[in-house]
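Asker: Task: produce atomic coordinates for the following.
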Amino acid sequence: MEVSKQSTTVKYLNQSEAINIDKELFEKYKFSVDQLMELAGQSCAIAIAKCYPLSAESKNNVLVCCGPGNNGGDGLVCARHLKLFGYLPELYYPKKTNNNLYHNLLHQCKENDIPVLEKTTDIKDTKNYKVIVDALFGFSFKPPVRPDFVSIINVLKSSSAPICSIDIPSGWNVESGPPQEDGIEPEMLVSLTAPKLCAKSFNGKYHYLGGRFVPKNLEMAHKLNLPKYPETDLVVPL
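Answerer: I've put the predicted structure just below:
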């Protein structure tokens, strides 16, 4: 699928800028965590549907790999919307959190008959998936990858299915990008709010921005110079 890219001088955020903007969204603009998570996850599902559309002739299975933090929450929301769009998502969610928000998001996935996988050995051969969604680590991640997640990172590294990373490709440094050796190489990246510095190292096929919730005053204060979203779309190609 060909997408037209916007020519823009959109700002790429370092780690502290990303953290501060998130804090400002919560404290100054009074967004709730679940509100932003819903908007982010829905945006990711829409972008994935644009790049990997449903097909009557081929598989529509999607594997969504979720970590324990906000990035994983975005993945849980994304999985639910993909199911509502007609895809057949499965969740790999090995390290759950006690936070009630995540319990509710997982419950919603289960109520939508989305299977939950506990171990990497439960994952089908990756060639059976249309796309694998990487929602393991967000912009607070600092290398190296913790032992609990080494096995799923290895699955992503060797995947024969294309990978779509949410905001940050897992295992990458939020600013400097991929590790020096043997990092995952996603085909698609969905940046949220504004792209992070590591996105400058992204060489995949599709790069989308999902963040049509950003108040204009915040955009101007931080000189984000975000691209214009077409019509009523919630995502825009970068």
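Asker: Residue 102 contacts residue 74, correct?
Answerer: No: between residue 102 and residue 74 there is no contact, the gap being 11.2 Å when judged by CB atoms under 8 Å. Just so you know, the C-beta spots here come from the backbone N, C-alpha and C atoms, and that holds for glycine as well.
Asker: Which one's more surrounded, these two?
Answerer: Neighbours per residue (other CB atoms under 10 Å) separate residue 102 from residue 74, with residue 74 holding more: 32 against 21.
Asker: wait, is that one part of a helix?
Answerer: Yes: with DSSP: H, G, I helix; E, B strand; the rest coil as the criterion, residue 74 is assigned to a helix.
Asker: Got the phi and psi for the residue located most distally from the centre of the chain?
Answerer: In terms of distance from the mean C-alpha position of the chain, residue 57 ranks first, at 26.5 Å (CA atoms, centre = their mean). In terms of degrees, to the nearest 10, the main-chain angles of residue 57 are phi -100, psi -20.
Asker: mind checking how far it is from residue 130?
Answerer: 12 Å (CB to CB, to the nearest Å).
Asker: show me what contacts the closest residue to residue 159 other than its chain neighbours?
Answerer: The shortest distance from residue 159 to any residue other than its chain neighbours is 4.3 Å, reached at residue 126 (CB to CB, 6 or more residues apart in numbering). With contacts taken as CB atoms under 8 Å, 6 or more residues apart in numbering, residue 126 has the following neighbours: 63, 132, 155, 158, 159, 160, 161.
Asker: Which residue would you name as the spatial centre of the chain?
Answerer: Geometric middle of the chain (CA atoms, centre = their mean) lands on residue 166, at 1.7 Å.
Asker: what about the helices in this protein?
Answerer: Chain-ordered helices for the chain, with DSSP state H as the definition, fall at 15-27, 33-51, 70-85, 100-111, 150-157, 216-221.
Asker: average pLDDT for stretch 118-128?
Answerer: Stretch 118-128 comes out with an average pLDDT of 90.
Asker: Give me the buried stretch members for that stretch, please.
Answerer: In terms of neighbour count (16 or more other CB atoms under 10 Å), stretch 118-128 has its buried residues at 120, 123, 126.
Asker: from the chain's centre, how far out does that stretch sit?
Answerer: 19 Å (CA atoms, centre = their mean, to the nearest Å).
Asker: do the same with stretch 188-200
Answerer: 10 Å.
Asker: So which of the helices of the chain is the most surrounded?
Answerer: Among the helices of the chain, helix 70-85 has the highest mean neighbour count (mean count of other CB atoms under 10 Å), at a mean of 24.
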